[in-house]
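Undergrad: Fold the following and give me the result.
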Amino acid sequence: MPLDPFSGTTFVAYMDISGFRKMMTEESRAVRALDCFYQAGYDALHRQNGQPRVDGLFISDCGVLFVRGAGQGSHAGLQTLLDVVERINREVLASKVMLTTSIAHGSFSYHNRLEFPGIEKNPAYGNAYVSAFLDNERGNPRIQPGKCRIVRRPAAEQHEAALATLSCPRLRVSRVRHAYFFWMVRDGSEIAAFEKRYHDAYSLKDYKGMLEALRSASNPTVPPEQPRRE
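TA: I've put the predicted structure just below:
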């Protein structure tokens, strides 16, 4: 079903499958990851009811989600988007797929194609899609597999107000540039333990270790995966 046209100020998320280029060396693995990603996106968007709501489109290994409806640019819109992002991440993680997700607030337009109002004047901040895309592709610090973060805009009152009024104990502000959403934990008290385990694996470039840290944090009842015997 095609998306209805949209133009306005809202929150936009750019999602990307971590390590997809490497997966493409194994065609069957890449196809499975895409199938899982698309199905998770469909399930999360299809289950919604009420306003605001999240719409999205998926192209190759990327997804673009945006909020529409009453409160789309407020904390209610951001919370709705975070709920959908969490559902998608949890579903793909069950199939051992990790995503990176960058969220930005600003102008966004969709009319059978993406449009970027103001891109010539300010490509980094003049548009929500561009901001989210650039942060995901080459933001500083580089976004890590499985992570979700919001690009902060301290000079934008509406954006900062949405963050300030969002009642989300799993949200942590990091420096000036970002706020991180820890979708994989149940409450804020679990963030420190998860971060330590994840950071240790990331420092060693241990992809399986990062995956296991996410799996154990998101579902503590799942036993750790045992290494294969040769």
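Undergrad: Quick one: the strands in this protein, in order.
TA: Counting by DSSP state E, one finds strands in the chain at the ranges 6-17, 53-59, 62-68, 99-110, 114-115, 148-151, 171-174, 178-181.
Undergrad: which regions of this protein sit below the pLDDT cut-off?
TA: Filtered on pLDDT under 70, the chain yields the residue ranges 1, 112-126, 154-160, 164-165, 175, 221-230.
Undergrad: 50 instead?
TA: 120-126, 226-230 (pLDDT under 50).
Undergrad: Can you tell me the closest non-neighbouring residue to the residue positioned nearest the centre of the chain?
TA: In the chain, the residue lying closest to the centroid (Cα atoms, centre = their mean) is Thr101, at 2.6 Å. Leaving aside its sequence neighbours, Thr101 sits nearest to Cys148 (Cβ to Cβ, 6 or more residues apart in numbering; 4.0 Å). Every residue, glycine included, has its C-beta placed from N, CA and C.
Undergrad: ok, the one you found - contacts?
TA: By Cβ atoms under 8 Å, 6 or more residues apart in numbering, the contact list for Cys148 reads 82, 85, 89, 100-103, 180-181, 183.
Undergrad: Please report how far Gln48 lies from His178.
TA: 26 Å (Cβ to Cβ, to the nearest Å).
Undergrad: coming back round to it: could you save the strands of the chain as TSV and add columns showing distance to Lys205?
TA: As requested, the strands of the chain are arranged in TSV below (distance: least, Cβ to Cβ, whole Å):
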stretch	distance to Lys205
strand 6-17	18
strand 53-59	28
strand 62-68	23
strand 99-110	16
strand 114-115	34
strand 148-151	20
strand 171-174	22
strand 178-181	21
